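Student: Everything below, folded, please.
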Amino acid sequence: MTSTEKYFLLFSCILISSCNAGSIKEVPNLSNPITGTWKLLKTITIENGDTIMTDYNKNISFIKIINQTHFAFLQHDLNKGKDTSAMFVAGGGRYQLKGNTYKEQLEYCSARDWEGHDFTFNIELKKDTLIQSGEEKVEAAGVNRITIEKYVRQSEL
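Tutor: A predicted model of the protein is given here:
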């Protein structure tokens, strides 16, 4: 490479990087302790006087992803949809966190009756474990229950 080519390459790199300087967005402050990816381990559901525990380590996988302003969740069976346990559920929206009060506004959901509803939960964070508990009430879906969910933080790459 000649010296002229080297200068041209250097000048091109400086020009390209300066053109993007105004459009670079600042990385958000990740001081929010619940941001990250969470794997659901178990759920306790109390509805109509019955208590049901669901273990999410056997036939179902569920993750919740939380950033600074939004959350999303994904659930599917671990049999790749090839038997009667076949399922896929997804949803997400905005949330607010004030102290231990976590409020979700569900904007998108594969169970469409759930869209447009707000859910308020109490959260407790212990190291890499998040416990979320509260009422889920969706009249159109016939749902009125208390849920307690235990998540573990997934390691970041």
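Student: could you point out which element follows the helix or strand bottoming out on mean pLDDT in the chain?
Tutor: Scoring the helices and strands of the chain by mean pLDDT, DSSP states H and E places helix 3-20 at the bottom, with a mean of 45. Counting by DSSP states H and E, the next helix or strand C-terminal to helix 3-20 is strand 36-47.
Student: Run through the neighbouring helices and strands of that following strand.
Tutor: strand 50-55, strand 60-66, strand 143-153 (3 or more C-beta pairs under 8 Å, 6 or more residues apart in numbering; DSSP states H and E). No exception for glycine: its C-beta is placed from N, CA and C like everyone else's.
Student: Run the chain-centre distance for the second one.
Tutor: Read it as strand 60-66. 7 Å (C-alpha atoms, centre = their mean, to the nearest Å).
Student: How about Tyr56: what's its closest non-neighbour residue?
Tutor: Leu40 (4.6 Å; C-beta to C-beta, 6 or more residues apart in numbering).
Student: just checking, the one you found touches Thr147?
Tutor: No. Look at Leu40 against Thr147 with C-beta atoms under 8 Å: they stay out of range, at 10.7 Å.
Student: quick one: which of those two has more around it?
Tutor: Leu40 (22 against 17; other C-beta atoms under 10 Å).
Student: measure the more buried one to Glu149 for me?
Tutor: Going from Leu40 to Glu149 by C-beta to C-beta, to the nearest Å gives 6 Å.
Student: got it, and Phe73?
Tutor: Distance from Phe73 to Glu149, by C-beta to C-beta: 10 Å.
Student: higher neighbour count, the two?
Tutor: Glu149 (22 against 18).
Student: so what's the more buried one bridging to?
Tutor: Here Glu149 sits in beta bridges with Thr43, Gln132, going by DSSP bridges.
Student: Distance-wise, check it relative to Ala140.
Tutor: 22 Å.
Student: With Trp114 instead?
Tutor: For Trp114, the distance to Ala140 (C-beta to C-beta) stands at 8 Å.
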